[in-house]
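[1] here is my input, please return the structure:
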Amino acid sequence: MARKNHKIPTGRLVRLEHDSKILRNNPLDDPTLRHIDIWLPPQYDDARQPDARFPVMYDLVGYTGTGQSHTHWKGFEENLPERLARLNHDGQMGACIVVFPDCFTALGGNQYINSEAIGHYADYLTQEIIPFIDAEFRTLASPVHRACFGKSSGGYGALIHGMKYAEYWGAIASHAGDAHFDFIYRSDWPNTLTQLARFAPKELSAEHRQLAAEGLDDGRVKNFLEYIWKRASPNGAEIHCLMNLCMAATYDPDPDAPNGFRIPFTPHTGEIIPARWMRWLAHDPVHLVEHHLDALASLKGIYIDCGWRDQYHIHYGARILHKRLTDAGIEHFYEEFDGTHSGIDGRMDISLPWLYERISDKQ
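    Residues are numbered from 1 along each chain as shown. Okay, here's the model as predicted:
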């Protein structure tokens, strides 16, 4: 492990509060008052350039994380502000403001899209947080000078925002962003159903079976969620179960359903429910890309990478995206590296300077 270099100018980390109107009355009763961390480069406080303005990047963290996950102290390892300070000091990356939003939910996170079962987090980011940051700091307040990036669920968010919300962004970067749901989610649902079985009704009635056939909760999902929300430290299997329920709430919300969403498999037999699974696939980047080619082509930069040993098999979805973008003639950066889904923060040494070059005022 390398020691930290404490001689590098660190820049300045600012923490602000924002009370969201868009998140009011969200279905999970999650707080509307959120803390947002903002990293300002050393150049921001340069008295010789008091009116200088800067491009902005938004960090979309992965599932179970929030903005502060990337700004807190780490021993023998850089947090993201320290990484940014080093890249800036070494001349690998110009001066840029980086924003760390808080989009955590009672389901462990979200996918940075609008969901009637979780909240309208795409609108929260684009309609509230972006103008809030532009009003508070000396930003280059134009989409061409704004980027979003993330890993895993955050990478998915970056991909979706590049497709559906391209008018807000100049460039995007996805590290192992969720794609090809038939590989990454479908194969994990047996584990989820096994966890939910601990909370199933003791006797499965005809009514329970009818509910299950329609993707509606027979009581086990509600019981599991109540258990999780009371539990101090869920184990890994429980977190993965919660993750799939979070994805169900994201991709197949139903305000009239128990818990506000449906699940895509019958919990007792594990049979897929085709109508429900189609709702998931409608949000899969490998299927969405062909419907949003104009939006993607409007971006100044698209960055995609993934470890070719990703334990969630996301590299297959990344390859499909790469192929479809290439076939459509859309310029993008694509790279596979020798790694998994874990411990890949070092890839930001490549993606962040790459993004900066595309949103800087020199472009």
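[2] who's in contact with the helix or strand of the chain with the lowest mean pLDDT?
    Within the chain, no helix or strand scores below helix 206-213, which has a mean of 94 by mean pLDDT, DSSP states H and E. Applying C-beta atoms under 8 Å, 6 or more residues apart in numbering, the contact partners of helix 206-213 are 201, 217, 218, 219, 266, 267, 268, 273. Every residue, glycine included, has its C-beta placed from N, CA and C.
[3] before we move on, what about stretch 286-296?
    Outside stretch 286-296, the residues touching it (C-beta under 8 Å, 6+ apart) are 160, 162-164, 166, 179-180, 281-282, 302, 317, 320-321, 324-325, 328, 330.
[4] can you tell me the centre-most residue of the protein?
    Per C-alpha atoms, centre = their mean, the C-alpha nearest to the average position across the chain is that of residue 154, at 2.1 Å.
[5] check what pLDDT the nearest residue to residue 189 once chain neighbours are set aside gets.
    Closest residue in space to residue 189, ignoring its immediate chain neighbours: residue 265 at 5.3 Å, by C-beta to C-beta, 6 or more residues apart in numbering. Per-residue confidence (pLDDT) for residue 265: 98.
[6] now swap in the one 10 residues further on and tell me
    Looking at residue 275, its pLDDT reads 98.
[7] buried residues in stretch 10-23?
    Neighbour counts using 16 or more other C-beta atoms under 10 Å place 10, 11, 18, 20, 22, 23 of stretch 10-23 among the buried residues.
[8] then stretch 32-50?
    In stretch 32-50, counting by 16+ other C-beta under 10 Å, buried: 32, 34, 36, 37, 38, 39, 40, 41, 43, 44.
[9] return the per-residue confidence for the second one.
    Among the per-residue scores, residue 34 shows a pLDDT of 98.
[10] roughly how far apart are it and residue 129?
    9 Å (C-beta to C-beta, to the nearest Å).
[11] so what sits against both of these two?
    By C-beta under 8 Å, 6+ apart, the residues touching both residue 34 and residue 129 are 18, 101.
[12] quick revisit: now the least confident helix or strand of the chain, how far from the centre of its chain.
    Remark: helix 206-213 is offset 34 Å from the chain centroid, using C-alpha atoms, centre = their mean, to the nearest Å.
[13] going along the chain, name the helices of this protein.
    Using DSSP state H, the helices assigned to the chain run over residues 80-89, 121-123, 130-136, 153-164, 181-184, 189-197, 206-213, 220-230, 236-251, 274-281, 285-288, 293-298, 314-327, 348-359.
[14] mind checking which of those helices is nearest residue 71?
    In terms of C-beta to C-beta, the element of the helices of the chain nearest to residue 71 is helix 80-89, at 5.7 Å.
[15] distance between the closest one and the chain's centre?
    22 Å.
[16] burial measure for residue 293, as a count.
    When neighbours are counted by other C-beta atoms under 10 Å, residue 293 registers 15.
[17] quick one: it from residue 326, how far?
    From residue 293 to residue 326 the distance is 12 Å (C-beta to C-beta).
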